[in-house]
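1. structure for the following, please:
(chains A and B)
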Amino acid sequence: MIRSLNEALRRIPVPLVWLAGAIPFALLLWDTLTGGLGVEPIREIEHRLGRTALYFLVASIGVTPLLRLTGISLMRFRRALGVLCFAYAVPHVLAWVVMDMGLLWGQMARDIVKRPYLLFGMLSFVLLLPLALSSNDWSIRSLGGKAWRNLHKAVYVAAPLAALHWLWAVKVNEPAPLFWLVAILSLLGLRLVVRRRLNLQTLFRGSKKQA
Amino acid sequence: QPSPLSTDETPNTLEEITNYNNFYEFGTGKEDPARYAGALTTDPWAVEIGGLVDRPGSYGVDDLAPDNALEERIYRLRCVEAWSMVIPWIGVPLAGVLQKVGVQPSAKYVEFETLLRPEEMPGQRRAILDWPYREGLRLDEAMHPLTILATGLYGDPMPNQNGAPIRLVVPWKYGFKSIKSIVRINLVSDQPVNTWKQMQSSEYGFFANVNPEVDHPRWSQATERRIGAGLFAGREQTQMFNGYGDQVASLYAGMDLRVNY
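-> Next up is the predicted model:
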């Protein structure tokens, strides 16, 4: 069953994932132009971009645990998921700089160093930048597989920081940011605990032998 | 009738004022109050006034704010979250209400309490805050002519999501001081508890005067964003005491406002 699922997944062209990834942005644009964002559109634009970036981040770090645990491979789409995350993080930061803060550079600089939630968010963004820039075959070739993989382990720092950035920004305990922080930590935990692909048949044979 | 205490700034639209609210009794989202407050029963309504007063008792909204005493007060509202609006309230000075019930000399503070009714206030079914919501003012703040009990806005009765049927408005303090849907007013001798301070005293104080020089630990209070100003309008400088310094700064003469935030 998993084999046929993987077969089907292989037939999905990667550009389709890119296209699907643009849908949240198109919807946001539509809502912005038609006044569907309520009376405070800036906050809504900023938050929706940030949430979408986080969802793609979680999807991209979920690929490996999913493969190891179930054998389902989304590996072909991982680059798209990661770059889509960054593609939403950029306008998220821009919305904050231009619309929310109104280009008050001094206040922004002071705020970033003073406010943990902004510091977490900015650190996460800065960590994701080289990952997005090196998400191409040429970078993998010139860095070498090992160095490239090590570089991309930075996502395990960037992801919890992004979730903390959300959690720290709210005034009272909200379920959503807490949920995503736990989800991210669980995915990271799975990667550490389940080090290779589980093979159910081998496990079954092994236990038979012991019996 | 109009009042010389009103600002001449252009008020926000009714749509803005009624669709962007912090009223955690109905949920933590800004749109939650507009969505859920319709179910709140505001008639009949009674405000229990007690403590150090000569005539304690249960008062109706009309007893406290009779139609012929209503004034329009167009005030700036500055939220602790660094956004602002201009709102044309309808109400009566709190001082008049307090004089009517007779404040005893030993009273130093006024304590307010919001309705506790989880069946109609879905936010109260979660322990996000220690319900019911409570706020307090020093007696001189409560007696200040800018401080009103509001029962309407834009000439109409108060929309539920804005704190119907009767709420406090203290324009030189962050919005959370202006407690909504009041059911109890107590005159007391000691500083009362206020809910946000109780929740996180490092971030929210008892006085909560608008002050661009004293930041909230998690964000700057130096500037604010006016709701409805447009996507690229930028930020405005926040004014000391929200621009009411001429009238209220003397209340805090000699006090260190960094300590008493």
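2. surely residue A:25 touches residue A:88?
-> Yes: here residue A:25 lies in contact with residue A:88, judged by CB atoms under 8 Å, at a distance of 7.3 Å. (C-beta placed from N, C-alpha, C; glycine too.)
3. which ones are touching the residue most central in space within chain B?
-> With distances taken as CA atoms, centre = their mean, chain B has residue B:178 as the residue nearest its mean C-alpha position (1.0 Å). Taking CB atoms under 8 Å, 6 or more residues apart in numbering or on different chains as the definition of contact, the neighbours of residue B:178 are B:77, B:135, B:163, B:167, B:168, B:169, B:170.
4. how much space between the nearest residue to the first one once chain neighbours are set aside and residue B:119?
-> Pointing back at residue B:77 there. If the residues on either side of it in the chain are set aside, residue B:77 comes closest to residue B:85, at 4.9 Å by CB to CB, 6 or more residues apart in numbering or on different chains. Computed as CB to CB, to the nearest Å, the residue B:85 to residue B:119 distance reads 30 Å.
5. tell me the secondary structure at the closest residue to chain A within the stretch 51-200 of chain B.
-> Ranked by CB to the nearest CB, the top residue of the stretch 51-200 of chain B for proximity to chain A is residue B:128, at 4.7 Å. With DSSP: H, G, I helix; E, B strand; the rest coil as the basis, the three-state label of residue B:128 is coil.
6. wait, it sits on residue B:24?
-> Yes: contact status for residue B:128 versus residue B:24: in contact at 5.9 Å, counting by CB under 8 Å.
7. overlap of the contact sets of the two?
-> With CB under 8 Å, 6+ apart as the test, residue B:128 and residue B:24 both reach residue A:172.
8. looking at the two, which is more packed in?
-> Here residue B:128 and residue B:24 are compared on neighbour count by other CB atoms under 10 Å in any protein chain shown; more neighbours surround residue B:24, at 24 against 17.
9. helix/strand/coil for the residue in the stretch 1-150 of chain B positioned nearest to chain A?
-> Among the residues of the stretch 1-150 of chain B, residue B:16 lies nearest to chain A; the distance is 4.3 Å by CB to the nearest CB. Using three-state DSSP, the three-state assignment for residue B:16 comes out as helix.
10. show me which helix runs longest in the chain.
-> Going with chain A. In chain A, with assignment by DSSP state H, the single longest helix is helix A:41-70.
11. that answer is for a different chain, and I need it for chain B
-> With DSSP H as the criterion, chain B gives helix B:94-101 as its longest helix.
12. off-centre distance for that helix?
-> Distance, stretch centre to chain centre, for helix B:94-101: 17 Å (CA atoms, centre = their mean, to the nearest Å).
13. can you list the buried residues in that helix?
-> Burial within helix B:94-101, assessed by neighbour count using 16 or more other CB atoms under 10 Å in any protein chain shown, is assigned to B:94, B:95, B:97, B:98, B:100, B:101.
14. what of stretch A:136-146?
-> Judged by neighbour count using 16+ other CB under 10 Å, the buried positions of stretch A:136-146 are residue A:140.
15. rounded mean pLDDT for it, please.
-> Computed over stretch A:136-146, the mean pLDDT rounds to 95.
16. just the CA trace of that stretch, in PDB.
-> Provided in PDB are the C-alpha atoms of stretch A:136-146 (Å, rounded to 0.1, in the frame of the first residue of the first chain):
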ATOM      1  CA  ASN A 136      19.600  24.500  -5.300                       C
ATOM      2  CA  ASP A 137      21.600  21.800  -7.000                       C
ATOM      3  CA  TRP A 138      24.600  24.000  -7.600                       C
ATOM      4  CA  SER A 139      25.000  24.800  -3.900                       C
ATOM      5  CA  ILE A 140      24.800  21.100  -3.000                       C
ATOM      6  CA  ARG A 141      27.400  20.300  -5.500                       C
ATOM      7  CA  SER A 142      29.800  23.100  -4.600                       C
ATOM      8  CA  LEU A 143      29.400  22.600  -0.800                       C
ATOM      9  CA  GLY A 144      29.500  18.900  -1.000                       C
ATOM     10  CA  GLY A 145      26.700  16.700   0.400                       C
ATOM     11  CA  LYS A 146      28.000  16.500   3.900                       C
END
